[in-house]
Structures are given as C-alpha cells and as structure tokens.
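In: sequence first, then the predicted structure:
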Amino acid sequence: MSDDSRPINPDGSPPSLPPPLPPRRGGCATAFMVLFGVILLLPGLCALLFGFGVLSESRTDPSILFLILLGLAVCFAGVMLIRAAIKGS
C-alpha cells in the first residue's frame, strides 16, 4: 500500500530535505565580542591622538609612525569584531 500524502518530485524521487540551519551564537558570546571590540577601539583612539600630535612636528620618528599604524590596525580589528557580533555570523 503506497502513501499518497507525501509529495514526489516530477522525476519520481523523494523530496530533498532543506539544508540544516547553522548553529546560533548565544547572547553571552555576542556580548563578549562587543565588549572585546570596544576594548580594541581604545588603541585606535590613542593612535589618532598621537597621529594628530605628530602632524604638528617638523620631523617624525619612523617607529612612532609604525606604532600609530599598528594602533589603527588594532582599531580596525575591533570595528570588524563589533560588526561581526551585530551581524550575527
């Protein structure tokens, strides 16, 4: 006896199952990601302050410029972490 209540594809094969959903991240993980991202924004703020201070000097040390760029890179990582936490994936 066949079960006629199940839909069948036109080619006679059984219907395929929908793809499984990815596991959801918990609220605690999102909060930690945002908190850590905000902490990573602080070196970028310092880098901006020092960068504007360096612009007023006539001669700058290359190591200071490297540290400013490093601080801005850390800040960018913080922005991306906050973006990933808010976006949800």
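Out: Everything's here; your move. This structure is a prediction, so every number in the text was calculated from the model and none was measured.

In: now do stretch 35-55: everything it contacts.
Out: 60, 64-65, 67-72, 74-82, 85 (CB atoms under 8 Å, 6 or more residues apart in numbering). Backbone N, C-alpha and C define where each C-beta goes, glycine included.

In: of these, buried ones?
Out: 67-68, 71-72, 74-75, 77-78, 81-82, 85 (16 or more other CB atoms under 10 Å).

In: can you give me the helices for the chain?
Out: 27-55, 62-87 (DSSP state H).

In: need those helices in a markdown table with distance to residue 13 and mean pLDDT, can you?
Out: Putting the helices of the chain into a markdown table (distance: least, CB to CB, whole Å; pLDDT from 0 to 100) gives the following:
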| stretch | distance to residue 13 | mean pLDDT |
| --- | --- | --- |
| helix 27-55 | 40 | 91 |
| helix 62-87 | 37 | 92 |
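
In: residue 14: which of the ones you listed is closest?
Out: Among those, helix 62-87 comes nearest to residue 14, with 35.9 Å by CB to CB.

In: many thanks, have a good one.
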